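requesting a structural model of the entry that follows:
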Amino acid sequence: MIAIKNATLVMRDHFIPDALILVENGKIQEFGEMRKLAIPEGCEVVDAEGLYVGPGFVDIHTHSDGKVFFQDEPEVASLHHLSHGTTTLLPALYFSMDTEGYVKAIATLREAMKKPECANIGGLYMEGPYLNPKFGCDRESNPWKGPVDRARHMPIIEAAYDLVKVWALAPERENILQFVLDAKEKTPGVAFSVAHSEAAPQQIEALMPHGLRIGTHHTNATGDRPMYPECRGVCVDEAVNYNREIYAELICDSRGIHVDPYMLRLVRRIKGDDRIILISDAYACDGPIPEGYNDVDDINFDHAGEIAGSKMTLDISCRNMIKHTGASLVDVFKFASYNPSRAVGFYDRGEIAIGNRADLVIVDHKMQVSRVMLEGEWKK
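Alright, predicted model coming up:
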């Protein structure tokens, strides 16, 4: 058994200062104020020295460690995120792959998940294949511009069926319901996400009964549908904001480039803190840095100089969210742990609760990670 004492526990909506948390067999056994609990004899005792102990981060949308893609070097990418407190992650596979590329990448990650270095991989986030070819980085490489084709997508669905947690798609694609029904038949509880899209709200809402409940990198790679030249249209961002059931993923970089800080604050006010998900959307791309962005060190650019995801981990995203919105530590742990867990069905983690997996991270008030525990074992 491991006893972590002198901790400030980060709960879903409050702190427990001067606390003790007991871990055994990879699970949280007990927690509470130290004055009310005793440390069992024979424990490994760790003194948190007043630092914050919260649930490990859950990154449901990340492609890489900022340098290498998960499908190329899964151990390297997984360990990088783990060292920054991400105890569960979903590698995201992008639409630039054809059928064979998707199937190969899925097989690589399936094997990687058997290795201890990749113990924090919890499944897959499929960012494609059927997105709107007008949006997203490296869109010239999109091999999925043609019609929805069962012969092309069924091998991917069959390869990923037991690993996939999220299928991202553009609801405006013709015959997209065929893909949704095919994917849902193989993975009944899978979440769908509106992504790289200029869909009308009605097209998005039509898929909600089938499990659409996430907005991929909210306000990024989305279109507009104005009725008149002088008017702002109602499109994806408005539909995600309006529909209470849809979680909004946010990429929160230091300069507020992906999402302007004012927009971050607006989304918090509209969606409420239980429907926001912080993602890293870390990508691997070394395109030219556009003029005016020379001091930007936490996002990537593609060969055309367009934004191509980030170089972040979730501890950095949390720190930026605090800076840009005034969110508290309690808030950002919800955005980076509890909310993403619930969005994709990980009900045994994401909060400090008896019986949950002992996935824990120890941080200071600036979200600097000092220790990381995965399933009851210290990894940092």
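
contacts for the longest helix along the chain, please.
The longest helix of the chain (DSSP state H) is helix 99-112. Here helix 99-112 makes contact (Cβ atoms under 8 Å, 6 or more residues apart in numbering) with 70-71, 74-75, 78, 91, 93, 97, 118, 121, 124, 126, 128-129, 152-153, 155-156, 159-160, 163. From N, CA and C alone the C-beta is placed, and that goes for glycine too.

go again using 7 Å as the cut-off
70-71, 74-75, 91, 93, 97, 118, 121, 124, 152, 155-156, 159-160, 163 (Cβ atoms under 7 Å, 6 or more residues apart in numbering).

any weak-confidence spans in the stretch 51-200 of the chain?
Across the stretch 51-200 of the chain, the ranges flagged by pLDDT under 70 are 137-138.

all strands of it, in order?
Assigned by DSSP state E, counting those that start in this stretch, the stretch 51-200 of the chain shows strands spanning 52-55, 57-62, 86-94, 124-127, 164-169, 191-194.

need these in TSV (columns: mean neighbour count and distance to residue 1).
Shown next, in TSV, are those (neighbours: other Cβ atoms under 10 Å; distance: least, Cβ to Cβ, whole Å):
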stretch	mean neighbour count	distance to residue 1
strand 52-55	26	16
strand 57-62	30	24
strand 86-94	27	19
strand 124-127	26	34
strand 164-169	26	32
strand 191-194	25	36
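
pretty sure residue 280 is touching residue 312, no?
Yes: using Cβ atoms under 7 Å, residue 280 is in contact with residue 312, at 4.7 Å.

out of these two, which sits in the busier spot?
Neighbour totals were compared for residue 280 and residue 312, and residue 280 leads with 33 against 27 (other Cβ atoms under 10 Å).

state the distance from the more buried one to residue 374.
For residue 280, the distance to residue 374 (Cβ to Cβ, to the nearest Å) stands at 18 Å.

residue contacts, the residue nearest the centre of the chain?
Geometric centre of the chain, nearest residue: residue 60, 2.8 Å, by Cα atoms, centre = their mean. Counting by Cβ under 7 Å, 6+ apart, residue 60 makes contact with 90, 125, 165-166, 277, 279, 340, 343-344.

run the last query once more with 10 Å
88-90, 92, 122-123, 125, 165-166, 191, 193, 214, 247, 249, 277-280, 339-341, 343-344, 346 (Cβ atoms under 10 Å, 6 or more residues apart in numbering).
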